[in-house]
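**Student:** no FASTA, just this:
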Ligand SMILES: Nc1nc2c(ncn2[C@@H]2O[C@H](COP(=O)(O)OP(=O)(O)OP(=O)(O)O)[C@@H](O)[C@H]2O)c(=O)[nH]1
Ligand SMILES: [Mg+2]
């Protein structure tokens, strides 16, 4: 049975993992030659790590992608030493590396509130500069989310994520029939017959309330951000943490996983996602799988079964849905093919988008060069990003 065919296609998400920005430190303030006054230094531009921030939010909030700090104050009779210009802070996600136009690393943001100076303000005018101020540093920078793997395994505890990783790679993660066996990401590589490699991150299990830091909570969610695609792994027989907590059927676990991702960072569920329905070797698994497919094809018909606050804004649409057994190996080859196809398609779409943008930039710059005087053009193009 070829299940790649029963895919619910969707466009590849608008999750972005890199961004190019123009930054400029503020100019210094004028000195005061007659009284020996010193102009204020221009403000600096910083990139600062914020837990809740994403590159997509940064891009949406500042579509111009230009960050310029304030100028230093001129020296005046009433304030001979001019005050410093206002610093500019660029909010960025944790887990970012910052490079300049030449690919040289400027720094990394590894934890909340880490900050990196990217463009320094110019010095104020003083005796040394003949009281003339200096311009701020201009710099084009690249923010790159440091990916830990191509594919991240997302699922409730015990769904069989580690079992799946050990099936598709040489990794030997711990596997056990209790929740939260995996406590930190474990990496493995799928190696295809033509030697192509795809990295897979086995991640700790997620439970309801993870976004509020229940279970492995944030530890788990922060790693999910750093993978190109998500592979949801669900147990066809559902999940129950303990006899005191509610039983969740497979469909419910998918809805709850989506909700947790959305609550943590809304755009996380816009990442391309695949679904592996695991433990298909168990009795009645086929019937349950058909029921699950029916629910996934018409999710809206089943949402009334959920409490309101558990319903995600957007139901995740999977590129591929593949029934597997990490125990017997059923469906594993097909899953590997689907993972590869999905990553290839994402790469193609990103390439297309990149070329379209380059073409557009070229057209814009041509228009500018025809419509402006040459002298004006030189100034404008050096400022363009
Ligand atoms: N019958 C059956 N059992 C499976 C299958 N895959 C995994 N299991 C069993 O399910 C239990 C949990 O498997 P793990 O691979 O540790 O699950 P996990 O998702 O990594 O769990 P956490 O690390 O706790 O989040 C183990 O007892 C596995 O042997 C399967 O396809 N069929
Ligand atoms: Mg595990």
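**Tutor:** Here it is on my side, so go on. These figures come from a predicted structure and were not determined experimentally. Numbers count the residues shown, from 1 in each chain. Ligands and ions are numbered 1, 2, ... in the order given.
**Student:** So which bits of stretch 50-70 are buried?
**Tutor:** Buried residues in stretch 50-70, counted by 16 or more other Cβ atoms under 10 Å: 50, 53-59, 67-70. Any C-beta I mention is one placed from the backbone N, CA and C, and that applies to glycine too.
**Student:** contacting residues around that stretch?
**Tutor:** Stretch 50-70 has contacts (Cβ atoms under 8 Å, 6 or more residues apart in numbering) with 14-26, 42-45, 85-88, 90-94, 96, 112, 119, 121, 136, 143, 145, 225, 265, 267, 385.
**Student:** rerun at 6 Å
**Tutor:** 16, 19, 21-26, 43-45, 85-88, 90-93, 112, 121, 265, 267 (Cβ atoms under 6 Å, 6 or more residues apart in numbering).
**Student:** ok, now stretch 279-299?
**Tutor:** 235-237, 250-251, 277, 302, 315, 323, 325, 327-328, 330.
**Student:** Pull out the buried residues from it.
**Tutor:** 279-280, 285, 288-289, 292-293, 295-296, 299.
**Student:** one step back: tell me which ones among the contacts of stretch 279-299 also neighbour ligand 1, please.
**Tutor:** Residues of the contacts of stretch 279-299 in contact with ligand 1 (Cβ under 6 Å from any ligand atom): 325, 327.
**Student:** I figured residue 205 hits residue 157, correct?
**Tutor:** Yes. Counting by Cβ atoms under 6 Å, residue 205 touches residue 157, with 3.1 Å between them.
**Student:** Who has more neighbours out of the two?
**Tutor:** Between residue 205 and residue 157, counted using other Cβ atoms under 10 Å, the more crowded position is residue 205 (25 against 19).
**Student:** on that earlier part again, need the buried ones from the contacts of stretch 50-70 selected in PyMOL.
**Tutor:** Here is the PyMOL selection string for the buried members of the contacts of stretch 50-70, based on 16+ other Cβ under 10 Å:
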select buried, resi 16+19+21+22+23+24+25+26+43+44+45+85+87+88+90+91+92+93+121+265+267
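**Student:** which residues touch residue 342?
**Tutor:** Listed by Cβ under 6 Å, 6+ apart, the contact set of residue 342 reads 272, 274, 319.
**Student:** Roughly how far does the second one sit from residue 128?
**Tutor:** Think residue 274. 62 Å (Cβ to Cβ, to the nearest Å).
**Student:** quick one: low-confidence parts of the protein?
**Tutor:** 1-15, 210-219, 365, 367-385 (pLDDT under 70).
**Student:** before we move on, back to that, which among the contacts of stretch 50-70 are in contact with ligand 1?
**Tutor:** Among those, no residue lies close to ligand 1 (Cβ under 6 Å from any ligand atom).
**Student:** Restricted to strands, list the contacts of stretch 50-70.
**Tutor:** 19, 21-24, 45, 88, 90-92 (DSSP state E).
**Student:** which one of the residues you listed sits closest to ligand 2?
**Tutor:** Closest approach to ligand 2 among the ones in strands among the contacts of stretch 50-70 (Cβ to the ion): residue 92, at 30.7 Å.
**Student:** which parts of the stretch 101-250 of the chain sit against ligand 2?
**Tutor:** Neighbours of ligand 2 within the stretch 101-250 of the chain, by Cβ under 5 Å from the ion: 162, 181-182.
**Student:** overlap in contacts of residue 205 and residue 157?
**Tutor:** residue 180.
**Student:** Run through the helices of this structure in chain order.
**Tutor:** Under the criterion DSSP state H, helices of the chain are mapped to 55-61, 161-168, 217-224, 250-264, 285-297, 332-371, 374-383.
**Student:** Check these for me and report the most buried one.
**Tutor:** Of all the helices of the chain, helix 161-168 carries the top mean neighbour count, a mean of 24, counting by mean count of other Cβ atoms under 10 Å.
**Student:** Just list what that one packs against, helices and strands only.
**Tutor:** Counting contacts by 3 or more Cβ pairs under 6 Å, 6 or more residues apart in numbering; DSSP states H and E, helix 161-168 packs against strand 197-202.
**Student:** can you list contacts of the strand it packs on?
**Tutor:** Contacts of strand 197-202 (Cβ under 6 Å, 6+ apart): 148-153, 161-162, 165, 173, 182, 185-191, 227.
**Student:** The same query, at a cut-off of 8 Å, please.
**Tutor:** 148-153, 161-162, 164-165, 168-169, 171, 173, 182, 185-192, 223, 227, 231, 339-340, 343.
**Student:** now swap in stretch 163-175 and tell me
**Tutor:** 153, 162, 181-182, 186-191, 200, 202, 233, 276, 278, 324, 326-327, 329, 332, 335-336.
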